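Colleague: sequence plus the predicted model coming up.
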Amino acid sequence: MADSEQIVREIEQFYGRYIDAFNREDIDLYLESFDLPFAVLSGEHGATVFADEAARQRFYTQTMIAIQGRGWGRSAVDLVKVWPLAQNLATLMADVTRYKKDGTILEQLRAFYT
């Protein structure tokens, strides 16, 4: 198994590319971050499973429509913590601030990924 520090670095780099793709609205690079099937768990919608490519595309489209409709301009990562669990499994926690196009804060959130 790669050492924990190496796993943490690789996942932090991956997450940086993920946020960059999101901010540039690079749908292909962004969606490569989600292997099928995947699930999203939120307080508003409970668990939603995305099982195929069409569902993955809808996920991106719905996400962008929702935040752009609220004035989103970009997202910034405030804090990332990674906990390696195995060679090919880790948990990532990210505190993110979403900014409006005028630079004011749209929202702050905490996300977890496995």
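Modeller: Perfect, thanks for sending it.

Colleague: top helix in this structure by residue count?
Modeller: Longest helix in the chain, counting residues (DSSP state H): helix 4-24.

Colleague: how far does the longest strand seen in the chain sit from the chain's center?
Modeller: Longest strand in the chain, counting residues (DSSP state E): strand 72-86. The chain centre lies 8 Å from the centre of strand 72-86; the measure is Cα atoms, centre = their mean, to the nearest Å.

Colleague: equivalent analysis for stretch 81-88, please.
Modeller: Relative to its chain's centre, stretch 81-88 lies at 17 Å (Cα atoms, centre = their mean).

Colleague: list the contacts of V82.
Modeller: Residues in contact with V82 (Cβ atoms under 8 Å, 6 or more residues apart in numbering) are 7-8, 11-12, 90-93. Bear in mind the C-beta positions are built from the backbone N, C-alpha and C, glycine included.

Colleague: distance of it from K100?
Modeller: Distance, V82 to K100, using Cβ to Cβ, to the nearest Å: 29 Å.

Colleague: pLDDT weak spots in this structure?
Modeller: Applying pLDDT under 70 to the chain picks out residues 1-2.

Colleague: tell me the buried residues in the longest helix of the chain?
Modeller: Using 16 or more other Cβ atoms under 10 Å as the test for burial, helix 4-24 gives 7-8, 11, 15, 18-19, 21-22.

Colleague: kindly report the same for stretch 77-92.
Modeller: Buried residues in stretch 77-92, counted by 16+ other Cβ under 10 Å: 77, 80, 82, 84, 90, 92.

Colleague: TSV for the residues you listed, including distance to A66?
Modeller: Compiled in TSV, the buried residues of stretch 77-92 are given as follows (distance: Cβ to Cβ, whole Å):
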residue	distance to A66
V77	20
V80	23
V82	27
P84	32
A90	28
L92	22
